[in-house]
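> I need the structure of the sequence given here:
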Amino acid sequence: MRKRWADLGPSLRAGAGRLGELIVEELRFLRTQPLVLFIALLLPVFYPPVISTIYYRDQAQERPALLIDADNSELSRKLTSMLEATQGLQLVKRLGSLDDGYEAIKRREAELLLFIPPDFSTRIKQGQTTDVKMWMNASNMYAYSLSYPAVLGAVTTLNAMIGVSFFYTQGMPTALAKQRVMPINQDLRYAYHPTASYGNFFVTGVWVIVMQQLMLIVFGFAIGTRKEVGQYDYAHKRPFAYLVGKFVAQSIFFLLAMIMILFVIQPAFHWTFRGALAALLLLIAFMIAWMPVVVVIGHFCRDRWTPFQVLMFFSTPALMFSGFAWPLDKMPLFVQAIAALFPATPTLLGIRLAQMKTASFAPLLPYCGWLALQFVVYFALAVAIVRRSGPKPYPHEKPTV
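As a prediction, the model looks like this:
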């Protein structure tokens, strides 16, 4: 037993030395491959700023609307002024007929058409109900979700004012009239997303997918390039360690990409992030959990273009299955089971906490545990797959001995 412990130190040092040799050899190879370096540096420098620029306005406001006021009364003008005061709408044009409104909507001059009927004020004064008709372009669900609440808020406020005015004429004090008309007040508090802005929510998820793409593309591209130029060592005694050494060497670029995103792009575009350092640690855990999967994919890459073909099976499904954009509990059970297999799922759920809720790393520990479990399972599977499927050169390759 003592002899085994005595031999452990030299074995670890020898293993570390071999790993160091593999890392140095990979870095030397990458230095001779400008296209691989270009991809490794381009994705984090180009992709996140482009996405951030697209969503820099953070929230789509003042959606264009058309108005037909066939009543032109004091009440209809009051409703119009309320609509103009909302952040969700901008009245770009007033029209005289519904036919003109239909044609303008078809020409996409606006996303909403509002029609106030000619008896709008008369029916209200007679104690009857009336309608404000809306035709809405719902093809863009995000724009629809902004313009409809804006109209609903203006109509609700006017209804309340009319009710308060009625009770006031009956001799009731204004404060009591408001309590009578609106006995329930709303106290809305946003958890995990206090800004309630779409850009702040969406961009962070895209960054995780960018990191996933970066690791898969760079590693697969480099391994595929090696096979094309005949510099892949098919005779290596430890094929899995051979591939892991190359991934560790490339991790330098992955870490630089994480730092670039969290500490350069994030403050430059003023995205909300309570815990950038905690998010960095979570992304490192994500990189470690994702490593066995990337190694297996690289193991089977025939050429430099194979990872681009594989990418379609990971990028969009990883984001859609994760519960980041759509609640997990609203997905079928088998989809939830598949989602639990993606390392991006706990990463996306955890990074939302680091972004909006806390700068502490403690709340992210359950998600890191999830990633650790994935790493153990995927590492064991990856070792078995790589060892049992020793790659053979394809016809276009020149194997090294």
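> burial measure for residue 158, as a count.
18 (other Cβ atoms under 10 Å). Every residue, glycine included, has its C-beta placed from N, CA and C.
> can you check residue 174 too?
The local packing of residue 174 (other Cβ under 10 Å) involves 11 other residues.
> Next, work out how far apart it and residue 181 are.
Using Cβ to Cβ, to the nearest Å, one gets 11 Å for the distance from residue 174 to residue 181.
> Also residue 24?
Distance from residue 24 to residue 181, by Cβ to Cβ: 77 Å.
> the more surrounded of those two?
More crowded of residue 24 and residue 181, by other Cβ under 10 Å: residue 181, with 16 against 12.
> hang on, the earlier thing: anything in contact with each of residue 174 and residue 181?
Common neighbours of residue 174 and residue 181, using Cβ atoms under 8 Å, 6 or more residues apart in numbering, are residue 164.
> Helix, strand, or coil at the residue nearest the centre of the chain?
A centroid search over the chain (Cα atoms, centre = their mean) returns residue 205, at 2.4 Å, as the residue closest to the centre. Under DSSP: H, G, I helix; E, B strand; the rest coil, the three-state class of residue 205 is helix.
> so who does it touch?
By Cβ under 8 Å, 6+ apart, the residues touching residue 205 are 319, 322, 324-325, 348, 351.
> The residues you listed in strands, which ones?
Secondary structure of those is defined by DSSP state E; no position falls in strands.
> so which of those residues comes closest to residue 341?
Closest approach to residue 341 among these (Cβ to Cβ): residue 322, at 11.1 Å.
> what about the closest one, how many neighbours?
23.
> got the residue ranges for the helices in the stretch 51-200 of the chain?
If DSSP state H, counting those that start in this stretch is used as the criterion, the helices of the stretch 51-200 of the chain fall at 74-85, 98-106, 120-125, 141-169, 174-181, 198-229.
> Output those helices as a markdown table; include the columns mean pLDDT and distance to residue 188.
Compiled in a markdown table, the helices of the stretch 51-200 of the chain are given as follows (pLDDT from 0 to 100; distance: least, Cβ to Cβ, whole Å):
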| stretch | mean pLDDT | distance to residue 188 |
| --- | --- | --- |
| helix 74-85 | 88 | 20 |
| helix 98-106 | 85 | 32 |
| helix 120-125 | 88 | 29 |
| helix 141-169 | 80 | 12 |
| helix 174-181 | 74 | 19 |
| helix 198-229 | 85 | 17 |
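> so where's the chain uncertain?
For the chain, the stretches with pLDDT under 70 are 1-17, 57-60, 141-143, 189-197, 390-401.
> mind listing the strands for it?
Secondary structure of the chain, counting by DSSP E: strands at 63-69, 89-94, 112-116, 133-136.
> out of the ones you listed, nearest to residue 80?
Taking Cβ to Cβ as the measure, those were each checked against residue 80, and strand 63-69 came out nearest at 6.2 Å.
> Which single one of the contacts of residue 205 is nearest to residue 384?
The closest of the contacts of residue 205, once distances to residue 384 are taken by Cβ to Cβ, is residue 322, at 27.0 Å.
> Just to check, the closest one is in contact with residue 339?
Yes: applying Cβ atoms under 8 Å as the test, residue 322 and residue 339 come out as touching, 6.1 Å apart.
> shared neighbours, those two?
In the contact map built from Cβ under 8 Å, 6+ apart, the residues linked to both residue 322 and residue 339 are 328, 345.
> domain assignment for this protein?
Domain assignment for the chain, taken from automatic domain parsing, gives 15-56+196-388, 63-181.
> would JSON lines of these with distance to residue 187 be doable?
Listed next are the domains of the chain as JSON lines, based on distance: least, Cβ to Cβ, whole Å:
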{"stretch": "domain 15-56+196-388", "distance to residue 187": "15"}
{"stretch": "domain 63-181", "distance to residue 187": "16"}
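> Could you check how far residue 254 is from residue 86?
Between residue 254 and residue 86 the distance is 45 Å, computed by Cβ to Cβ.
> give the contact list for residue 23.
Counted by Cβ under 8 Å, 6+ apart, residue 23 has contacts 245-246, 248-249.
> before we move on, what about residue 367?
Residue 367 makes contact with 282, 285, 346-347, 349-350, according to Cβ under 8 Å, 6+ apart.
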